[in-house]
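> Below is the sequence, then the predicted model.
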There are 2 protein chains.
Amino acid sequence: MATVTKPSIPKGTRDFGAQEMVRRNYIFDTVRSVFKRYGFQPIETPAMENLSTLLGKYGDEGDKLLFKILNSGDFISSAGAPLHANADKAALQICEKGLRYDLTVPFARFVVQHQGELTFPFKRYQIQPVWRADRPQKGRYREFYQCDVDVVGSDSLINEVELIQIVDEVYQKLNINVTLKLNNRKVLAGIAEAIGAADAVVDITVAIDKLDKIGLDNVNAELESKGLSANAIAKLQPILQMTGTRQQKFDVLKQTLTSETGKKGIEELETLFAYIDALDLKLNVELDLTLARGLNYYTGAIFEVKANDVEIGSITGGGRYDNLTGIFGLDNMSGVGISFGADRIYDVMTQLNLFPDDAVARTKVMFANFGGADELYSLKALAQLRKAGVSAEIFPDAAKMKKQMSYADKKGIPFVALCGETEREAGTITIKNMLNGEQQTLSLADALNLLAN
Amino acid sequence: MATVTKPSIPKGTRDFGAQEMVRRNYIFDTVRSVFKRYGFQPIETPAMENLSTLLGKYGDEGDKLLFKILNSGDFISSAGAPLHANADKAALQICEKGLRYDLTVPFARFVVQHQGELTFPFKRYQIQPVWRADRPQKGRYREFYQCDVDVVGSDSLINEVELIQIVDEVYQKLNINVTLKLNNRKVLAGIAEAIGAADAVVDITVAIDKLDKIGLDNVNAELESKGLSANAIAKLQPILQMTGTRQQKFDVLKQTLTSETGKKGIEELETLFAYIDALDLKLNVELDLTLARGLNYYTGAIFEVKANDVEIGSITGGGRYDNLTGIFGLDNMSGVGISFGADRIYDVMTQLNLFPDDAVARTKVMFANFGGADELYSLKALAQLRKAGVSAEIFPDAAKMKKQMSYADKKGIPFVALCGETEREAGTITIKNMLNGEQQTLSLADALNLLAN
């Protein structure tokens, strides 16, 4: 006999009970139904990937956040040499596998590995958990689900348009008002080029991002501290100070950006906005030059979606990446994708009370158990109800009625069926409505009608 | 830039493409719909559990098959002492977490941890992957899904009956002919007691199991080699040689088994068979005294389900366990459950060609892309079709028609929509049936009718 263990789960992980499961599945089902209607197909990849697949794809910080799996068997002998004193290096001697960190790198690996079997452009969606050894905190978990949808093998902007339509439809269905922020990596590169600081894209974007919080003077000071010349900073001022309508912003950009890359970026953004305007989308779309998520990764469009009515980070994001499968040896595969964050969407819907009333895991009717022949009669009636799709159960013991009713009550079961000798002999069922206490004795067919909707 | 990595996945793991996903989901959806109609509620637990939860629950062999997760950060320093030379011991110095090995132990942990929030009897189902560092071989994987359904907190045999009904319904829905083998741990214990070898339950059961393969004489020789007395072996002969109907077998058991435990086991089996006979189940149920799966674990009923028409191991199994939550400090919680093996069910259905024709991940209609105003017209028609629930896509580029048609063909898309200048000006859609090549030009409403079913 094992010693008694006080039960707990690793920090940053969660159990999901029935209520949370039903609500989470409501989100997953909604997202999935929209993905399907746009012609995306489901795939799944293993939780464990080879570390050679994962390492070096998420930066040094990402490498540290990978959960590594200890090699099976005598991992010490198979390490080949004494363990390195440096933990990061030692880990690679004794671990060959890790848990996936996101769905994008496994997708890229999948595309390259199965390229011979796939039809391109390849449109896939994938809804699976990912794991990160982040410091757990409110709203940040070590195991969480991503819902990714990507097209690979096409550089047409229609793909971006359809992803934006998907965002629009998903959030309409979930009843969340959202704003989609749109940027383009080529525009950011064009700005850096235009001010003669092509290598400083990240610094410039980070600085623009702080404008609202720290003000123009502090942003300029920060740019100077990053080594930007006075001339470059001066040239950046029209961008930093630009205001007004979308068209006015485009006008400033067009005056400032002169490089091929910059012009291409503006053209892409304008094309996207033209589609968006023509398609009568419900969501709000904004040009946002401060948007820089995954900057070293994206090469064209960058998307981010925020809920309008709740203070929370982005609930969906993504962009275009031209070289993703290149790291696995397959070049010239442009892709674009977005990822829906199920946990944050769940939090938004909970805060705004948006889950529909029927998103509950509830048995429709519980048969009280009177034992013997009554029990068997109940079991046969149960079989009929279940055949008609009614979720139904029987209390497993002929316990005291109070105990049985209390069970139904605690589980929120709306109807209790009572089948005693009278009902059994008459071939009827007495149904008690647990909300108003009313009872009625019905034929099985009528009971079915009552319970089946 | 990272160096090019030849893409592969860890041995024993799998990628699932769209076709496999749809077929697997067909199995999961079927199982889930039946579980729900019996009043079971979904839960999920984290992939990672504390090793203290997992270790010692699956025997020494099971402990070795646990995938262990290397502690994050400087695992060497936090080991506290130099690593033990023994790998099993060293692993515990540097790993606190492991991947779940089954769904039963996490369920027991869940019940104890959340006992205050649960209503008992607690009926839950859980469909999630599990991981075992088994040697990979045909049909055995290191990551595979289990579909578990359990009741905890009730020792009523109605729970066993309902689980058997669930098995019956699931396999009727999946169209697989099955035999459910039924045994009872108390009967096995009773046999061992009756022949004066109460400690030899496992040896006796293993020997009985070999009867068909090695014959009576060899079984008796094996029992002797295990240390059973000549007297005990002689007393076992009526059991070993029993034949005939279920009733005849019960008669032999009743003559042989005299202990309280043995009598109780016979009574439980007879009660179950009485329910099964009364409920008119479609599946075949057999008494099988050789059935001993998880013997050290189960305390009452033992179930195993085999497909009648395919040579393959059991596709579902389970039983009653009286002490499962005891290892986590919660006593007197009897439970009973079964687990459906999705991978083997998939193999059976593939071999027997049982997947329905519509279990495919297929876009219903692809719009050819003629660019410009035609493209926008197509996008608007697409939006209408999708609103009506039709899975529809547009080829992303105005590529050559041959290329676009080839894409639709390879993906098995049954209809292609052609919207050129003529259609755009007339407000129509030309639909080409890819199976017979026929084309018709329709109003959007008529196209919707054609495609929506």
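That came through, no problem.
> what stretches of chain A score poorly on pLDDT?
A:1-5, A:293-296 (pLDDT under 70).
> if we go to 80?
Along chain A, the parts satisfying pLDDT under 80 run over A:1-6, A:139, A:209, A:212, A:292-297, A:358-361, A:453.
> Could you pull out the helices in the stretch 251-400 of chain A for me?
A:260-278, A:342-351, A:372-387 (DSSP state H, counting those that start in this stretch).
> Just the closest residue of the stretch 101-250 of chain A to chain B, please.
Going by Cβ to the nearest Cβ, chain B is nearest to A:Ser156 of the stretch 101-250 of chain A, at 3.7 Å. For every residue, glycine as well, the C-beta is placed using N, CA and C.
> how about the residues of the stretch 151-300 of chain A near chain B?
By Cβ under 8 Å from any Cβ of the partner chain, the residues of the stretch 151-300 of chain A that approach chain B are A:151, A:154, A:156, A:158-159, A:161-162, A:165, A:169, A:275, A:278-279.
> Among these, which one sits closest to B:Asp88?
Lowest distance from B:Asp88 to those (Cβ to Cβ) belongs to A:Val151, with 47.0 Å.
> For the stretch 101-250 of chain A, which segments count as helices?
Counting by DSSP H, counting those that start in this stretch, the helices of the stretch 101-250 of chain A are A:104-113, A:158-174, A:185-194, A:201-209, A:211-225, A:230-240, A:246-256.
> Centre of the chain to the first one, how far?
The one in question is helix A:104-113. Counting by Cα atoms, centre = their mean, to the nearest Å, helix A:104-113 is centred 18 Å from the centre of its parent chain.
> hang on, the earlier thing: taking the residues of the stretch 151-300 of chain A next to chain B, please make a ChimeraX selection of just the buried ones.
Buried residues among these (16 or more other Cβ atoms under 10 Å in any protein chain shown), as a ChimeraX selection:
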select /A:151,154,156,158,159,161,162,165,169,275,279
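> Skip the chain neighbours and tell me the closest residue to A:Gly265.
A:Lys186 (3.0 Å; Cβ to Cβ, 6 or more residues apart in numbering or on different chains).
> Tally up the residues packed near that neighbour, please.
Close neighbours of A:Lys186, defined as other Cβ atoms under 10 Å in any protein chain shown, add up to 25.
> How much space separates it from A:Leu287?
Distance, A:Lys186 to A:Leu287, using Cβ to Cβ, to the nearest Å: 14 Å.
> So what sits opposite A:Val149 in the bridge?
Counting by DSSP bridges, A:Val149 forms beta bridges with A:Tyr125, A:Ile338.
> A:Ala46 reaches B:Pro10, doesn't it?
You called it Ala, but residue A:46 is Pro. Yes. Because the distance of 6.7 Å satisfies Cβ atoms under 8 Å, A:Pro46 is recorded as touching B:Pro10.
> quick one, which of these two is more surrounded?
Using other Cβ under 10 Å as the criterion, A:Pro46 and B:Pro10 rank with A:Pro46 on top: 23 against 19.
> quick one, which of the helices of the stretch 251-400 of chain A is nearest to A:Asn175?
It's helix A:342-351; of the helices of the stretch 251-400 of chain A, that one is closest to A:Asn175 (Cβ to Cβ) at 8.1 Å.
> CA atoms only: put the closest one into PDB for me.
Taking C-alpha atoms only, helix A:342-351 is exported to PDB below (Å, rounded to 0.1, in the frame of the first residue of the first chain):
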ATOM      1  CA  ALA A 342      -9.200  30.300 -25.300                       C
ATOM      2  CA  ASP A 343      -8.300  31.200 -21.700                       C
ATOM      3  CA  ARG A 344      -8.600  34.900 -22.200                       C
ATOM      4  CA  ILE A 345     -11.800  34.600 -24.300                       C
ATOM      5  CA  TYR A 346     -13.200  32.500 -21.400                       C
ATOM      6  CA  ASP A 347     -12.300  35.200 -18.900                       C
ATOM      7  CA  VAL A 348     -13.900  37.900 -21.100                       C
ATOM      8  CA  MET A 349     -17.100  35.900 -21.500                       C
ATOM      9  CA  THR A 350     -17.200  35.200 -17.800                       C
ATOM     10  CA  GLN A 351     -16.800  38.800 -16.900                       C
END
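> what packs against that helix?
Packing partners of helix A:342-351 (3 or more Cβ pairs under 8 Å, 6 or more residues apart in numbering or on different chains; DSSP states H and E): helix A:18-37, strand A:143-152.
> Can you say which of those is packed in most?
By mean neighbour count, with neighbours taken as mean count of other Cβ atoms under 10 Å in any protein chain shown, strand A:143-152 ranks first of the helices and strands packed on helix A:342-351 at a mean of 23.
> between that strand and helix A:158-174, how big is the angle?
Orientation of strand A:143-152 against helix A:158-174 (axes from the mean of the first three to the mean of the last three Cα atoms, to 10 degrees) gives an angle of 140 degrees.
> ok, back up a step: from B:Phe40, how far out is the residue nearest to A:Gly265?
When A:Lys186 is compared with B:Phe40 (using Cβ to Cβ), they lie 53 Å apart.
> circling back to that earlier point, for the residue of the stretch 101-250 of chain A closest to chain B, give me its contacts.
B:396-397 (Cβ atoms under 8 Å, 6 or more residues apart in numbering or on different chains).
> Quick check: residues of the stretch 351-453 of chain A near chain B?
A:361, A:363, A:366, A:369, A:375-376, A:379-380, A:383, A:386, A:389-394, A:396-397, A:407, A:410-411.
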